[in-house]
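Student: Generate a structure from the sequence data that follows.
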Amino acid sequence: MKYVLDDLLRIRLLREERAERELLMRRQELNNAIRFLREREEDLARYRLWRPLEEEKLFKEVQNKLVKREDVENLRIKIGLLREREIAKEGEVQEAKRKLQEAENLFNKAKNSYREALQGRQKIEEHRKVWLLEAKKQEEEKSDKELEEFSSTIKVEF
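Tutor: Next up is the predicted model:
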C-alpha cells in the first residue's frame, strides 16, 4: 500500500539535504573567518613589537649627528608611515571581526534551517509510521473478516 504523503516526504528529504549542504558550507566559511581573524591579529601583534624597534633604529641613525632639516622631515615621514601602517593593520583586524560576525550569523541561520528541515522530515516519518501501523491493522481486520465470512460459508455448506 502506497503511503499517501510519499511525495511530501521526498520533498522534505530534499529540503533537509539542501539545508545540510548549506550548513556544511557555512561551517567552512566560519572556520575560514576564524582563521583569517587569527592571522590578522597575529600580524598586528608582530607589527606592534617590530614598529618601536624600527623607530628606535631610525632615531639611532640620526642621533648625535648633524643632519639637515630635510633628513629630519624624512624621519618624521617614515615614522608617520610606520604608525599609519599599524592603524591600517588594526583596521584589517576590525574588518576580519566584522566578517567573522557575519559568518557566525549565516552559520546560525543555516543551522536553524537545517534543524527545521530535519524536524519537518521527522514529523512526516512519524506520521508515516502511525499510518503504516493503522493500514496494517485495517488490513489484518479485513483479512480476519474475510476469514470469518469464508469460515461461516463453509459451515453453512456442510
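Student: Only C-alpha atoms from now on, for both contacts and neighbour counts.
Tutor: Will do.
Student: The helix ranked longest in the chain: how far from the chain's middle?
Tutor: Longest helix of the chain, by residue count under DSSP state H: helix 69-157. Relative to the centre of its chain, helix 69-157 is centred 9 Å away, using CA atoms, centre = their mean, to the nearest Å.
Student: Check which helices and strands that helix is in contact with.
Tutor: Using 3 or more CA pairs under 8 Å, 6 or more residues apart in numbering; DSSP states H and E, the elements in contact with helix 69-157 are helix 6-62.
Student: shouldn't Tyr47 be in contact with Ile87?
Tutor: No - with contact defined as CA atoms under 8 Å, Tyr47 does not reach Ile87; the gap is 10.6 Å.
Student: Among these two, which residue is more densely surrounded?
Tutor: Each of Tyr47 and Ile87 has its neighbours counted (other CA atoms under 10 Å); Tyr47 has more, 18 against 13.
Student: so what's the more buried one closest to, chain neighbours aside?
Tutor: Of all residues not flanking Tyr47 in the chain, Glu86 sits nearest, at 7.0 Å (CA to CA, 6 or more residues apart in numbering).
Student: which secondary element of the chain has the worst mean pLDDT?
Tutor: In the chain, the helix or strand scored least confidently by mean pLDDT, DSSP states H and E is helix 69-157, which has a mean of 90.
Student: The longest helix of the chain versus helix 6-62: what angle between them?
Tutor: Relative orientation of helix 69-157 and helix 6-62, computed by axes from the mean of the first three to the mean of the last three CA atoms, to 10 degrees: 160 degrees.
Student: can you pull the contacts of Glu92?
Tutor: Arg40 (CA atoms under 8 Å, 6 or more residues apart in numbering).
Student: Likewise for the one 4 residues further on?
Tutor: Shown here is Ala96, whose contacts under the criterion CA under 8 Å, 6+ apart are Ala33, Phe36, Leu37, Arg40.
Student: filter the residues you listed to the buried ones?
Tutor: Burial by neighbour count, judged by 16 or more other CA atoms under 10 Å, picks out Ala33, Phe36, Leu37, Arg40 from the contacts of Ala96.
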